[in-house]
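I would like the atomic coordinates for the input below:
(4 chains)
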2 protein chains.
Amino acid sequence: MSPRVRISDVARRAGVAPSTVSAVLNEVSGARVKDSTRERVRQAADELGYAPNALARGLRTRRSGTLAFISDVIATTPYAGQLIQGAQDTAWAAGHVLMVVNTGGDPAIESRALAVLRQQQVAGVLWATMSHRVVPAPVPPHGTPLVLLDAQDGTGAVPSVIPDEEAGARAAVAELADHGHRRIGFVLDREDSPASDGRTAGYRAALAERGLPVEDALVARARSCSAGGEEAAGVLLDRPHPPTAIFAFTDQMAVGVYHAAAARGLRIPEDLSVVGFDDLAVLAQELRPGLSSIALPHYAMGQTAAATLLRLVEDPHAEVPAVQRVRTRVVRRGSVGPAPSA
Amino acid sequence: MSPRVRISDVARRAGVAPSTVSAVLNEVSGARVKDSTRERVRQAADELGYAPNALARGLRTRRSGTLAFISDVIATTPYAGQLIQGAQDTAWAAGHVLMVVNTGGDPAIESRALAVLRQQQVAGVLWATMSHRVVPAPVPPHGTPLVLLDAQDGTGAVPSVIPDEEAGARAAVAELADHGHRRIGFVLDREDSPASDGRTAGYRAALAERGLPVEDALVARARSCSAGGEEAAGVLLDRPHPPTAIFAFTDQMAVGVYHAAAARGLRIPEDLSVVGFDDLAVLAQELRPGLSSIALPHYAMGQTAAATLLRLVEDPHAEVPAVQRVRTRVVRRGSVGPAPSA
DNA sequence: CTGAAAGCGCTTACAG
DNA sequence: CTGAAAGCGCTTACAG
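Predicted coordinates for the structure are as follows:
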């Protein structure tokens, strides 16, 4: 073992009691300590390279200075990092460290994670899903605050931070309508989820507000992948009055729209405009032309969730919003052009 | 605060001393406790839902049960998750939890992270770079073991776990040569790094072994992005004796190869075969045809690094390899075909 | 076979 | 203005 420096070592060197060292280093408000003593303590601590043992402090204060970040699948998505990064930066600024556990969605691991993190005395739990879903609210240790990230529980009893799906879809439609498109198609997945419900609502509302056609013939559902996007876009493009623009549920589905267009000799954006969702940069950037997309605010969501959790950690009875919707952002690349003058 | 159950509560309920509870629950080897007593203790613990306070235990045993995972940029890459996942699963199996900090590569944050994690009494530090690089070895708290992940320090004094770049490049060449290609080009980035050095060495060695041409005219360097890949591939394809197959330094550069081929009316794989590197699934899967690629073993690397670190945590003088190279894997999609019969 | 005591390294009333 | 004592919740020798 290394010769760890303890508070008593600092006290001895400064010629004071450990309690005085503690008061000085923690800048305890009520503490009356002569300036010269403070100076001596600080210097002794510096010279010895003293750093307090967080375990001992946590045991005594009942505050571990750690938060749990539990997520289902971090592994395959490029977004997860941003979520964690946002949460971490916020936690960090408040003097907290993140303990991260990925459960792979396995309920057995989930409950073990909760148990282990409880033992670690985490001050709060961030529970993240890697795509906006409704989940059964996990049950953290009694008294430990919980915030859901990119997830909602059925009851709404647990505070949650989610993307504003509806506003995102509205922005996508606005982007296309502003370029003169009137027949705007929507290609989406088959699952019912807050994401598809919200985006569908936004799509319809945005069209209705502008007096643009809201038709079933402009909407097609398929699997949530590029093959699905190709299939669904093909259905729309082969109809008698095909859309001149398509809003795709995800960037992956948008790739399928590109393929469907190419197969029909349609150029993007001259003959068909496309907007995706997710802003999966590694993909959207590489398409020709680049895919305009609606970016989900993962970093901001991480920040918001951590900030909310920290408020609850400070004060378990703090009033926090049940659901916070974080704004999306339009990322323009090159897949949207003026509507063909037909 | 919630009514946390302490070991003394369990002891009282079971009618024994706390030390007996500790001995039973931790299955201390030398402890002689009657079976009936053990049973009573276990039952009392169960009934009360007892879970030991890791802070108190860690303070006493000087083992926190936590490892640090410090990385530069987790945010933008889809690989990071696998690295963390591998490390976490291994740590977890050994009863350790990961504290994760992303530094963004900022040296000030790096040293603060090290300091904070030292206070948290982490048992060891995993230091990850998100692409194989040589870094100045960080200085963790005296006595805390350190393992580099996807990174090497200049001196080789710190154990490190890296991908086997050379074997990966060999596998790429083998994949192409096995399809009858003889003129195999290589498109790589401009930076000198262990990744480019290793892949270049593997490329050349594999060609030489097979008696295939190793020519400067078959190699082109450019920026490490799709535009760079397009530029470099264009140079090769416009030469008098163009290659019939191209090995690209990354999947992103491979996308550029696709574009360069398309611009010249070359079909993949009929006229040109392509192999990428990284297996960036979200991209490689979406190309037409799908891009065959060399997968980096991120999950395995995370596992190996954590296992190595845990050995050092158990025994600071354990003999561990200075550098462990983890094998890559060939992922076949559809971008490799037989060499044109010319 | 089991319990009492000490101590890990802090912070928090409290005494002076 | 500062120090001595107690205690956070465990585990580890040691005594019996």
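
Spit out the contact partners of the spatially most central residue of chain A.
Centrality entry for chain A: nearest residue to the mean C-alpha point is residue A:298, 3.5 Å, by C-alpha atoms, centre = their mean. With contact taken as C-beta atoms under 8 Å, 6 or more residues apart in numbering or on different chains, residue A:298 is in contact with A:79, A:82, A:83, A:86. For glycine as for every other residue, the C-beta is placed from the backbone atoms N, C-alpha and C.

Just name the closest of the residues you listed to residue A:150, please.
Out of the contacts of residue A:298, the one with the shortest distance to residue A:150 is residue A:83. That distance is 6.9 Å, counting by C-beta to C-beta.

quick check, the closest one in a strand?
No. Assignment of residue A:83 by DSSP: H, G, I helix; E, B strand; the rest coil gives helix, placing it outside any strand.

any idea of the pLDDT on it?
For residue A:83, the model assigns a pLDDT of 89.

Tell me the spacing between residue A:135 and residue A:296.
Residue A:135 sits 18 Å away from residue A:296 when distances are taken as C-beta to C-beta, to the nearest Å.

Equivalent analysis for residue A:124, please.
Computed with C-beta to C-beta, the distance linking residue A:124 and residue A:296 is 23 Å.

Name the residue in the two with the higher neighbour count.
When neighbours are counted by other C-beta atoms under 10 Å in any protein chain shown, residue A:124 and residue A:296 differ, and residue A:296 comes out ahead with 28 against 24.

where does the stretch 1-150 of chain A dip in pLDDT?
In the predicted model, the stretch 1-150 of chain A carries pLDDT under 70 at residues A:1-3, A:74-78, A:141.

quick one: residue A:189 and residue A:221 touch, right?
Yes. With contact defined as C-beta atoms under 8 Å, residue A:189 reaches residue A:221; the gap is 6.6 Å.

Looking at the two, which one has more neighbours?
residue A:189 (21 against 18).

Give me the nearest residue to that one, chain neighbours excluded.
Closest residue to residue A:189 in three dimensions, ignoring its sequence neighbours and counting by C-beta to C-beta, 6 or more residues apart in numbering or on different chains: residue A:224, at 3.6 Å.

Give me the distance between the one you found and residue A:170.
Summarising the geometry, the distance separating residue A:224 from residue A:170, computed by C-beta to C-beta, is 21 Å.

in what helix or strand does the residue of the stretch 51-200 of chain A found nearest chain B lie?
Of all residues in the stretch 51-200 of chain A, residue A:143 sits closest to chain B, with a separation of 3.1 Å (C-beta to the nearest C-beta). With elements delineated by DSSP states H and E, residue A:143 resides in a region that no helix or strand encompasses.

before we move on, back to that, most neighbours of all the contacts of residue A:298, which one?
When neighbours are taken as other C-beta under 10 Å, the top entry among the contacts of residue A:298 is residue A:83 (31 neighbours).

My read is that that one contacts residue A:128, right?
Yes. Under the contact definition of C-beta under 8 Å, residue A:83 touches residue A:128, with a separation of 5.9 Å.

residues shared between the contacts of the two?
A:71, A:149, A:150.

which strands and helices sit next to the helix or strand hosting residue A:324?
Using DSSP H and E, residue A:324 sits in strand A:323-326. Taking 3 or more C-beta pairs under 8 Å, 6 or more residues apart in numbering or on different chains; DSSP states H and E as contact, the helices and strands that strand A:323-326 lies on are strand A:160-163, helix A:298-314.

Next, format the ones you listed as JSON lines and append distance to DNA strand C.
Conversion of these to JSON lines gives the following (distance: least, C-beta to the nearest atom of the strand, whole Å):
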{"stretch": "strand A:160-163", "distance to DNA strand C": "30"}
{"stretch": "helix A:298-314", "distance to DNA strand C": "14"}
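
mind giving me JSON lines with the ones you listed and columns for mean pLDDT and distance to residue B:45?
Output for the helices and strands packed on strand A:323-326, formatted as JSON lines (pLDDT from 0 to 100; distance: least, C-beta to C-beta, whole Å):
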{"stretch": "strand A:160-163", "mean pLDDT": "94", "distance to residue B:45": "34"}
{"stretch": "helix A:298-314", "mean pLDDT": "95", "distance to residue B:45": "28"}
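
Compare these and report which one is nearest to residue A:269.
Ranking these by distance to residue A:269, with C-beta to C-beta as the measure, places strand A:160-163 first at 25.7 Å.

if we can go back for a sec, among the helices and strands packed on strand A:323-326, which is the most enclosed?
Ranked by mean neighbour count, the helices and strands packed on strand A:323-326 are led by strand A:160-163 with a mean of 27 (mean count of other C-beta atoms under 10 Å in any protein chain shown).

neighbours around the closest residue to residue A:177 other than its chain neighbours, how many?
Leaving out its chain neighbours, the residue that sits closest to residue A:177 by C-beta to C-beta, 6+ apart is residue A:210, at 5.4 Å. Residue crowding around residue A:210 was assessed by other C-beta under 10 Å; the count is 14.

what secondary structure does residue A:149 sit in?
Assigned state for residue A:149: strand (three-state reduction, three-state DSSP).

Now do the same contact list for the one residue in chain A that gets nearest to DNA strand D.
The shortest separation between chain A and DNA strand D is 3.0 Å, found at residue A:19 (distances taken as C-beta to the nearest atom of the strand). Under the criterion of C-beta under 8 Å, 6+ apart, residue A:19 has no contact partners.

For residue A:199, see how far away it is.
According to C-beta to C-beta, residue A:19 and residue A:199 sit 59 Å apart.

same check, this time on residue A:316
Counting by C-beta to C-beta, the separation of residue A:316 from residue A:199 is 35 Å.

Which one of the two is surrounded by more residues?
Neighbours per residue, other C-beta under 10 Å: of residue A:316 and residue A:199, the larger number sits with residue A:199, 26 against 13.

So for the more buried one, what's the nearest residue that isn't a sequence neighbour?
For residue A:199, the nearest residue in space outside its immediate sequence neighbours is residue A:169; the separation is 4.0 Å by C-beta to C-beta, 6+ apart.
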